[in-house]
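K.L.:
next comes the sequence, and after it the predicted model I'd like to discuss.
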Amino acid sequence: MVTVGTVQAGSGARQDAAPDLRESFEAILAAEERVEPRDWMPDAYRTTLIRQIAQHAHSEIIGMQPEGNWLTRAPSLRRKAILLAKVQDEAGHGLYLYAAAETLGVSREELLDALHAGKQRYSSIFNYPTLTWADVGAIGWLVDGAAIVNQIPLTRCSYGPYARAMVRICKEESFHQRQGYESLYALAHGTPEQRAMAQDAVDRWWWPSLMMFGPPDTASSHTARSTQWKIKRHSNDELRQRFVDITVPQADVLGLTLPDPQLTWNPESGHYDYGPIDWAEFESVLAGNGPCNRQRIAQRTAAHKDGAWVRAAAAAYAVKHRDSASSDNGDARSDTERGTGTDGTAEEAE
Amino acid sequence: MTHTETTHAEVRAHPGAAQHARPVEKPVEEYALRLGDDALVFSHRLTEWLTRAPDIEEEVALANIALDLLGQARFLFSAAGQSTAQDEDVLAFRRSDREYRNALLVELPNGDFAHTIVRLLFFSAYQCALYRALEHSADAGLAAFAGKALNEVRYHREYAAGWTVRLGDGTEESHDRAAAAVEELWPYTAELFAEDELVTALLSEGVAADPGALQAEWSEQVGAVLAQATLGVAPTAAWRPGGGRVGMHTEALSYLLAEMQSVYRAHPDAAW
Amino acid sequence: MSEDSTLWEVFVRPRRGLSHQHVGAVHAEDAETALRRARDLYTRRGEGVSIWVVPGGAISASSPEEKDPYFAPAADKTYRHPTFYRLPEGVKNL
């Protein structure tokens, strides 16, 4: 049952809305302009975006777990600080994205419920375990590298709030990739044990990173419509190829090998050819049977559940003090409709 | 990203890689070590909250505080290790718990969110008073550091105070949890204001902060927050656990260090 | 159910001489918390001198270019609040 608040018409009527609304929407897309929250948009555009943005947000939050796993064991204070900043940024990126999704008329609560119930997904790369310290560097180099390739085109996505969130995120993400690469470099040029650790990590994270771009174009069902609506600017295979081409030379500089004997430069195509991806593994992990799926969701839901009394306390406090709070200019105003006691603005003293 | 810290050509073992950390030499270095250990150990406890916090916003906030404290620890360690030429990682990863100099308050295992918030309130209020005093330290390095760090710890205290009030004056459950946290943690605060020979000596040189003066300021601030939170101040306890400043810790610290130091110690000759 | 009173829009003045710009939104139960969260999220890299947080519902918006018929022509919300649009139950992949 769909409730649409104060509006009488159901979503069906919206689809039949005056043709000039649809024309305006198409015109915005054609002009490479941004659709903003108050624009009319097809229901499917809205729901597609909600799904995509939410899953992106969930990925940031869940992604904190595999990397966070090594925070307490980082082998130098500098590495600890770098990793802490990175995990903090991921939480922040999740917040930017949830906020962007909310402009489409869904609440964060609903989105988190969908995540916890398994109705919405997150990037399946995070269903792999981080088994050694070197995994942290490998994730920074490969996983963030793949994410960046995916995300830069999204800065030109047709939906304004999502595109703007992506600009913010991309700025912060490139620092993370460089740090991961630097960490791996130190390992690859360190002791024999460190070098072996680094190579082992790369061997385990390479193929899953390629899978981050999704199924091959021939198999992907969402692509056509998303492309038409300028949500998706490039195909999965295009982006995957771009990632391979960028990354192979980086591996050479590291002095580490990539676990694909078929990886070769093709002078005719101007790209690297690479071996077959195990799509059965991809499907299996996507279906919930990767090494860490259950663990990731369990930890996420436990944090949410354990925090319920804290959130309830904040809400209770706000209710108690709503009517007695006053703003900086001493003008206490209670707003029973809105339920906040302040005039809602506050200025930072400079 | 700076290249000064680990350039490719410099990736090699630290000098004296296999050796244990040596005691620092000067009194002011020992003092800096205490402050640094406080910051590092508490930073570590806060870090343990990541991916477990009550809300995503608290993940950001707690990580922010942990990062600030880690930065403080790194500065203080570099000051502490100067005359013995020991860098921050030697001090952090090559001392056992009997050589750590943090107050017991910061090493206690994390309890619930109320426990962490109350602990943060007590500790950050202490750091505010401490750094405010140290801004006038006769040691120029400490004074400059304190000025910068003061901004950070004021923010930490504001965060902790905000949550203390919301938990104390929130629901019945949150109030009970906050009250339990105050009762459990209060006895550990005495150690923060204890004066020993080292402090007395440095005080006479104008280097250290006066613990007694710190306590007065601290009591007033903490008292005000607890009152607003409808939480009572705990009765003065006869039990005043201490000993951290001379390496007599709770059983919790060696577990913390075992985890923290595990990768570093597994590769004795390595650089990262 | 009333509209979401926990959503605050955030405006940051990055440095003196510039005006405040909308940078996004935060959730909080009260203004003090909203300000702190906005500071934590949007000025982590020293990006702001001054921050304003405004309850989302306090904003009146007029966007004649944006043509959704569900918004009143004059002075309406900045965007749909969650209660205006519910996910249908049992919908997958949403």
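P.N.:
Now that the structure is in, tell me what you want to look at.

K.L.:
do stretch B:143-161 and chain C come into contact?
P.N.:
Yes - shown here: stretch B:143-161 in contact with chain C (C-beta under 8 Å from any C-beta of the partner chain) through B:Glu158, B:Tyr159. All C-beta atoms are positioned from the backbone trio N, CA, C, and that covers glycine.

K.L.:
buried residues in that stretch?
P.N.:
B:145-146, B:149-150, B:152-157, B:159-161 (16 or more other C-beta atoms under 10 Å in any protein chain shown).

K.L.:
same check on stretch A:122-135?
P.N.:
A:122-130, A:132-135.

K.L.:
helices - which of the residues you listed land there?
P.N.:
Secondary-structure check on the buried residues of stretch A:122-135 using DSSP state H: residues within helices are A:Trp133, A:Ala134, A:Asp135.

K.L.:
just to check, the first one is in contact with A:Trp70?
P.N.:
Yes - at 5.7 Å, A:Trp133 counts as touching A:Trp70 under the criterion of C-beta atoms under 8 Å.

K.L.:
common neighbours of those two, please.
P.N.:
By C-beta atoms under 8 Å, 6 or more residues apart in numbering or on different chains, A:Trp133 and A:Trp70 have these common neighbours: B:Val263.

K.L.:
after the lengthiest helix in chain B, which helix or strand is next?
P.N.:
In chain B, taking DSSP H as the definition, the longest helix is helix B:140-168. Scanning forward in sequence from helix B:140-168 by DSSP states H and E, the next helix or strand is helix B:172-189.

K.L.:
hmm, who's touching that following helix?
P.N.:
A:309-310, A:312-313, A:316, B:103-105, B:108, B:111-115, B:117-119, B:122, B:126, B:164, B:166-169, B:218, B:226, B:229-234, B:237, B:239-241.

K.L.:
what's the spacing between that helix and its chain's center?
P.N.:
Distance of helix B:172-189 from its chain centroid, counting by C-alpha atoms, centre = their mean, to the nearest Å, is 20 Å.

K.L.:
what does chain B put close to chain C?
P.N.:
Within chain B, the residues that sit near chain C (C-beta under 8 Å from any C-beta) are B:Glu57, B:Val60, B:Ala61, B:Asn64, B:Glu158, B:Tyr159, B:Gly162, B:Arg166.

K.L.:
could you single out the nearest of these to B:Phe75?
P.N.:
B:Asn64 (17.3 Å; C-beta to C-beta).

K.L.:
number of residues surrounding the residue nearest to C:Thr6 when sequence neighbours are not counted?
P.N.:
Nearest-residue entry for C:Thr6: C:His27, 4.9 Å, with adjacent residues in sequence omitted and distances by C-beta to C-beta, 6 or more residues apart in numbering or on different chains. Counted by other C-beta atoms under 10 Å in any protein chain shown, the residues lying close to C:His27 total 21.

K.L.:
rewinding a little: can you lay out the buried residues of stretch A:122-135 as JSON lines showing pLDDT?
P.N.:
As requested, the buried residues of stretch A:122-135 are exported to JSON lines (pLDDT from 0 to 100):
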{"residue": "A:Tyr122", "pLDDT": "95"}
{"residue": "A:Ser123", "pLDDT": "95"}
{"residue": "A:Ser124", "pLDDT": "94"}
{"residue": "A:Ile125", "pLDDT": "96"}
{"residue": "A:Phe126", "pLDDT": "97"}
{"residue": "A:Asn127", "pLDDT": "97"}
{"residue": "A:Tyr128", "pLDDT": "97"}
{"residue": "A:Pro129", "pLDDT": "97"}
{"residue": "A:Thr130", "pLDDT": "98"}
{"residue": "A:Thr132", "pLDDT": "98"}
{"residue": "A:Trp133", "pLDDT": "98"}
{"residue": "A:Ala134", "pLDDT": "98"}
{"residue": "A:Asp135", "pLDDT": "98"}
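
K.L.:
which of those come close to chain C?
P.N.:
Intersecting the buried residues of stretch A:122-135 with the surroundings of chain C, defined as C-beta under 8 Å from any C-beta, gives nothing.

K.L.:
looking at these, which one is closest to A:Gly290?
P.N.:
Closest approach between these and A:Gly290, by C-beta to C-beta: A:Asn127, at 3.4 Å.

K.L.:
and chain B, is stretch C:31-40 touching that?
P.N.:
Yes - Stretch C:31-40 is in contact with chain B by C-beta under 8 Å from any C-beta, via C:Glu32, C:Thr33, C:Arg36, C:Arg37, C:Asp40.

K.L.:
average pLDDT for that stretch?
P.N.:
When pLDDT is averaged along stretch C:31-40, the result is 93.

K.L.:
spell out which parts of the stretch 51-200 of chain B neighbour chain A.
P.N.:
B:51-60, B:63-64, B:66-67, B:70-71, B:73-74, B:77, B:88-89, B:92-93, B:112-113, B:165-167, B:169-171, B:173-174, B:177.

K.L.:
stretch A:176-187 near chain C anywhere?
P.N.:
No - when contact is scored as C-beta under 8 Å from any C-beta, no part of stretch A:176-187 falls within range of chain C; the minimum is 13.4 Å.

K.L.:
run through the strands of chain C in chain order.
P.N.:
If DSSP state E is used as the criterion, the strands of chain C fall at C:7-13, C:21-27, C:50-55.

K.L.:
ok, the last one near chain A or not?
P.N.:
So the one you mean is strand C:50-55. Yes - legend: contact between strand C:50-55 and chain A by C-beta under 8 Å from any C-beta is shown at C:Ser50, C:Ile51, C:Trp52, C:Val53, C:Val54, C:Pro55.

K.L.:
and the ones in helices among the buried residues of stretch A:122-135 near chain B, which?
P.N.:
The subset of these within reach of chain B, by C-beta under 8 Å from any C-beta, is A:Trp133.

K.L.:
which member of the ones in helices among the buried residues of stretch A:122-135 is positioned nearest B:Gly206?
P.N.:
Minimum separation from B:Gly206 among these (C-beta to C-beta) is found for A:Trp133, which lies at 43.6 Å.
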